[in-house]
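Peer 1: model this:
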Amino acid sequence: QVQLVESGGGVVQAGGSLRLSCSVSGGVLTVIRVAWYRQAPGKPREPIGGISNEGAANYKDVAKGRFTISRENDDTTVVNLQMDNLKPDDTGTYYCKADGRTISRQPYMTWGQGTQVTVSS
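Peer 2: Just a heads-up that it's a prediction; the model follows:
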């Protein structure tokens with residue numbers, strides 16, 4: 001069973017940085033794309049951006065200029081979200097989502113459990 005685990009969340013002051021990681025495991029043959037989302041209290045989950053298995057990253061407006069998505073040593077199963085110049089509005093639970101195919105060649109789309117980010121003013 002495919003599992004995603006996010007890590008790296010925490011509490012940081014405004015203007016600070018955090019680096020989140022998303023690790024994909026469990027019978028994975030391919031990881032086609034890993035995407036990051038976030039959900040602030042009382043708000044719907046919103047996309048941040050994602051990265052393809054070829055290493056092409058794209059971003060939504062909330063992330064442009066401050067967030068960077070990358071793979072760990074070109075490993076498609078570990079994707080990082082570097083967040084700089086954090087603002088209190090960035091507070092929320094951050095999730096990663098991966099899609100691809102399992103070793104039995106079945107498609108999957110799986111979410112992680114989320115990691116909390118709190119930015120204090």
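Peer 1: which pLDDT does the model give residue 72?
Peer 2: At residue 72, the pLDDT value in this model is 89.
Peer 1: hmm, it is touching residue 20, no?
Peer 2: No - Residue 72 is beyond contact range of residue 20, at 11.8 Å (criterion: CB atoms under 8 Å). For the C-beta atoms, the positions are set from N, CA and C on the backbone; glycine is no exception.
Peer 1: between those two, who's got more neighbours?
Peer 2: residue 20 (24 against 13; other CB atoms under 10 Å).
Peer 1: residues contacting that one?
Peer 2: 6-9, 36, 80-81, 83, 94, 96, 115, 117 (CB atoms under 8 Å, 6 or more residues apart in numbering).
Peer 1: now neighbour count too, for those residues, in JSON lines please.
Peer 2: Output for the contacts of residue 20, formatted as JSON lines (neighbours: other CB atoms under 10 Å):
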{"residue": "6", "neighbour count": "22"}
{"residue": "7", "neighbour count": "12"}
{"residue": "8", "neighbour count": "16"}
{"residue": "9", "neighbour count": "18"}
{"residue": "36", "neighbour count": "26"}
{"residue": "80", "neighbour count": "19"}
{"residue": "81", "neighbour count": "27"}
{"residue": "83", "neighbour count": "25"}
{"residue": "94", "neighbour count": "23"}
{"residue": "96", "neighbour count": "28"}
{"residue": "115", "neighbour count": "20"}
{"residue": "117", "neighbour count": "22"}
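Peer 1: between these, which sits nearest residue 24?
Peer 2: residue 96 (8.3 Å; CB to CB).
Peer 1: helix, strand or coil for that closest one?
Peer 2: Here residue 96 is strand, with the state taken from DSSP: H, G, I helix; E, B strand; the rest coil.
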